[in-house]
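Asks: Sequence first, then the predicted structure, then my questions.
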Amino acid sequence: MPDQRELPFQIERLGVIMAGDPGDPNESWGVLNPASVRSRDDELFLFPRVVADKNLSRVGKARVLFGEGGDPCGVERIGYALEPTESYERNPWTAGCEDPRITFVRALDTYVMTYTAYGPFGPRIAMAISTDLENWQRLGLVKFAMSRGTEFDFYHNKDAVIFPELLQDPQGRPSLVMIHRPDYTMCAPGHPPYPVLPDGITEPRPSMWISYSPVDLRDKLNGLNFFQHHRLLATPDADWEALKIGAGCPPVLTRHGWLLIFHGVSGQILEGVDLQTKVHYSAGAMILDRDDPSKVLYRSPYPILSPMTSGERQGLVNNVVFPTGIDERAGDRIDVYYGMADSRIGVGRLLVPAVLALQEEGELVA
């Protein structure tokens, strides 16, 4: 691996910004993987996954506090945005509204939250919307049109992020655009798990897909959670992402295109285990085409953030950095909020490079 200073994208750690309150049983398993978003009056809020005993997860809400130098330095807890009350968020063992991401979609004048609903059929993507970050209206589970001979609704699915602008779908319609990470493994009662890949797909490892939800400009919020035209975006490639990859933070537009911070997983996945002990999560960067984000123009060959500090290496799940929140600051600075070892939340600073060598369409650059 090259010197970290040689990489065009790099995240400089600013420290731990939030940790579980040992006196609060709702946080006994930690706080992690937050959404971050600016309110209409430009205050920054985190919406962390707050985990109680037995892996019961809620989406909390906290105001970010800043020090004299302008760096985030702590949070003020406010309460909860979502608790697992719906049937698709509960199962016989636990319940969960997990790993939220929030995007303000300008054309809709609405905040859109995607989160993982841990219900009776395993993890699925769910959506909720708000106009004020106070009151959230659930839209239910995301529904996928059948494609490539496959019912995408049958897949476990996680790590969904929404673009802040409406972009054209393959038919030229203005659409809400989502990146997500389906898992192709199926499990019939009494039988071992087996893969069911979409037609034409040969890579069995969980990968990133991009899907579109056409928006009726006369009725902008109708049918927002129905997605179609699914396209494979990126598959695992390097050793540090050998098991799977998934979206991290919602994309932000830069001079180079859409910047997507994503995560890669290496190590070993233990079957039938919720809390994995032999995995290693790192973060990388992609640049997607401004007008057609299904085109990858740049992909970091090495991690831009890997577990190095004690807070990232030791926790409920060791060796995890998991970026989920992003905040555009002045100039080329972007702050990235990330889960640390599934137990606490860190923040780092990223500077968008002035110059970046982009690849030709379809050519992966190392």
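Replies: Nice, thanks for sending it over. Numbering: from 1, shown residues only.
Asks: Roughly how far does the residue nearest to the spatial centre of the chain sit from residue 11?
Replies: Ranked by distance to the mean C-alpha position of the chain (Cα atoms, centre = their mean), the top residue is residue 248 at 3.6 Å. Note on residue 248: its distance to residue 11, by Cβ to Cβ, to the nearest Å, is 11 Å. Quick note: C-beta positions are derived from backbone N, CA and C, even for glycine.
Asks: and what of residue 79?
Replies: 29 Å.
Asks: Pick out whichever of the two has more residues nearby.
Replies: Counted by other Cβ atoms under 10 Å, residue 79 and residue 11 do not tie: residue 11 has more neighbours, with 26 against 9.
Asks: Residue 177: what's it in contact with?
Replies: Applying Cβ atoms under 8 Å, 6 or more residues apart in numbering, we find residue 177 in contact with 162-163, 166-167, 169, 210-213, 293.
Asks: thought residue 30 was touching residue 18?
Replies: No - Residue 30 sits out of contact with residue 18 when judged by Cβ atoms under 8 Å, with a separation of 9.7 Å.
Asks: which ones are touching the residue nearest to the centre of the chain?
Replies: Going by Cβ under 8 Å, 6+ apart, residue 248 touches 159, 161, 260-263, 283, 322-324, 338.
Asks: can you give me the helices in this protein?
Replies: 310-313 (DSSP state H).
Asks: what touches both of residue 30 and residue 18?
Replies: With Cβ under 8 Å, 6+ apart as the test, residue 30 and residue 18 both reach residue 344.
Asks: how close does the most far-flung residue of the chain relative to its centre get to residue 322?
Replies: Most distant residue from the mean C-alpha position of the chain: residue 190, 32.4 Å away (Cα atoms, centre = their mean). Using Cβ to Cβ, we find residue 190 at a distance of 34 Å from residue 322.
Asks: circling back to that earlier point, which of the contacts of residue 248 count as buried?
Replies: 159, 161, 260-263, 283, 322-324, 338 (16 or more other Cβ atoms under 10 Å).
Asks: want to try JSON lines for the residues you listed, with distance to residue 175 and pLDDT as columns?
Replies: Shown next, in JSON lines, are the buried ones among the contacts of residue 248 (distance: Cβ to Cβ, whole Å; pLDDT from 0 to 100):
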{"residue": "159", "distance to residue 175": "20", "pLDDT": "98"}
{"residue": "161", "distance to residue 175": "15", "pLDDT": "98"}
{"residue": "260", "distance to residue 175": "17", "pLDDT": "98"}
{"residue": "261", "distance to residue 175": "22", "pLDDT": "98"}
{"residue": "262", "distance to residue 175": "21", "pLDDT": "98"}
{"residue": "263", "distance to residue 175": "25", "pLDDT": "98"}
{"residue": "283", "distance to residue 175": "27", "pLDDT": "98"}
{"residue": "322", "distance to residue 175": "28", "pLDDT": "98"}
{"residue": "323", "distance to residue 175": "25", "pLDDT": "98"}
{"residue": "324", "distance to residue 175": "23", "pLDDT": "98"}
{"residue": "338", "distance to residue 175": "29", "pLDDT": "98"}
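Asks: which neighbours do residue 248 and residue 11 share?
Replies: In contact with both residue 248 and residue 11: residue 283, using Cβ under 8 Å, 6+ apart.
Asks: Strands of the stretch 201-350 of the chain, start to end?
Replies: Using DSSP state E, counting those that start in this stretch, the strands of the stretch 201-350 of the chain run over residues 208-214, 226-234, 244-247, 252-254, 257-267, 279-288, 296-299, 321-328, 333-340, 344-351.
Asks: Name the strands paired with the shortest one and say parallel or antiparallel.
Replies: Strand 252-254 has the following sheet partners, assigned by DSSP bridges: strand 257-267 (antiparallel).
Asks: returning to what we had before: list the residues that contact the residue farthest from the centre of the chain.
Replies: By Cβ under 8 Å, 6+ apart, residue 190 lies in contact with nothing.
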